[in-house]
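Colleague: Kindly return the folded structure for what I paste below:
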Amino acid sequence: MSEFVPTPPILTYIFDIVNGRVVKEGDEQYRWVLITANNEKIYKMRISGTIVGKYYSMKTDDKKAFATLTLDDGTETIRVKGWEETAEALNRFFEGGEIEIIGKPRLSENEIYVLPEDFLKIEDYNKELYLRTKKIKRYVKKNLVIPSEEKVEQASFLVEKAMVWEIITNSEEGVELDLLIEETKLEKATIESVIHDLLNNGDIYEPTALKFKKI
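Modeller: Model (predicted):
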């Protein structure tokens with residue numbers, strides 16, 4: 001009997017997962033495989049998003065500890081399920097937080113969910129930008145369809161945003177607009193668009209006119 005070859009986790013939009021299908025591959029020995037909405041075959045996925053729902057059930061004499069986190073990445077939502085030690089670990093996360101999950105696809109009563117192998121709280125804004133940019137670039141490179149429901153910024157804007165963010169975060173006193181233009185070599189309109197986005201998200205503020213500082 002041949003052994004299954006381990007595969008690396010694939011960055012995937014949740015829309016692609018929940019609109020795909022999960023099947024068993026193999027006979028006596030099998031593993032679950034996801035056929036995404038883009039017709040990719042994925043054995044292990046890497047997703048990230050905001051926790052918009054949480055459930056936890058304590059262990060009892062006749063029931064294992066159980067927890068779920070519902071993740072939203074802007075395209076769709078999916079549940080991450082864990083039992084016993086994994087349930088205890090998932091229960092440490094809170095609604096509203098950002099999280100990265102590496103896990104395998106599973107199917108239960110027509111619901112596709114993620115069985116997690118590893119999870120990490122996203123606290124660094126640059127990490128969030130990195131994951132989103134890398135995912136977009138992977139889809140573009142492989143000519144995959146990015147879900148139309150996705151309220152996602154274009155990869156170029158994310159890169160520009162990361163450039164501006166890095167300069168601002170590395171300054172203790174704040175950075176003036178002219179200096180951002182000079183250091184990034186970006187168009188003024190592009191910088192203003194990025195600044196507007198960062199201000200709206202509450203990541204930066206304007207201590208004085210046309211000068212920006214991390215909150």
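
Colleague: ok, longest helix in the chain?
Modeller: With secondary structure taken from DSSP state H, the chain has its longest helix at helix 125-141.

Colleague: right, and the helix or strand after it?
Modeller: Of the helices and strands lying after helix 125-141 in sequence (DSSP states H and E), the nearest is helix 155-169.

Colleague: Let me see the residues that make contact with the next helix or strand after that next one.
Modeller: Scanning forward in sequence from helix 155-169 by DSSP H and E, the next helix or strand is strand 175-176. If you take Cβ atoms under 8 Å, 6 or more residues apart in numbering as the criterion, strand 175-176 is touched by 167-168, 210-213. C-betas here are computed from N, CA, C, even on glycine.

Colleague: What of stretch 31-41?
Modeller: By Cβ under 8 Å, 6+ apart, stretch 31-41 touches 4, 10, 12, 15-17, 19-25, 42-43, 45, 104-107, 112, 139, 144-145, 147.

Colleague: burial count for the nearest residue to residue 208 once chain neighbours are set aside?
Modeller: Spatially, and ignoring its direct neighbours in sequence, residue 208 is nearest to residue 174 (7.8 Å; Cβ to Cβ, 6 or more residues apart in numbering). The number of residues packed near residue 174 is 16, by other Cβ atoms under 10 Å.

Colleague: biggest separation within the contacts of strand 175-176, which pair?
Modeller: Maximum pairwise distance among these (Cβ to Cβ): 14.4 Å, between 167 and 210.

Colleague: which strand residues sit across from the most centrally placed residue in the chain in the sheet?
Modeller: By Cα atoms, centre = their mean, the mean C-alpha position of the chain lies nearest to residue 48, the distance being 2.0 Å. Beta-bridge partners recorded for residue 48 (DSSP bridges): residue 100.
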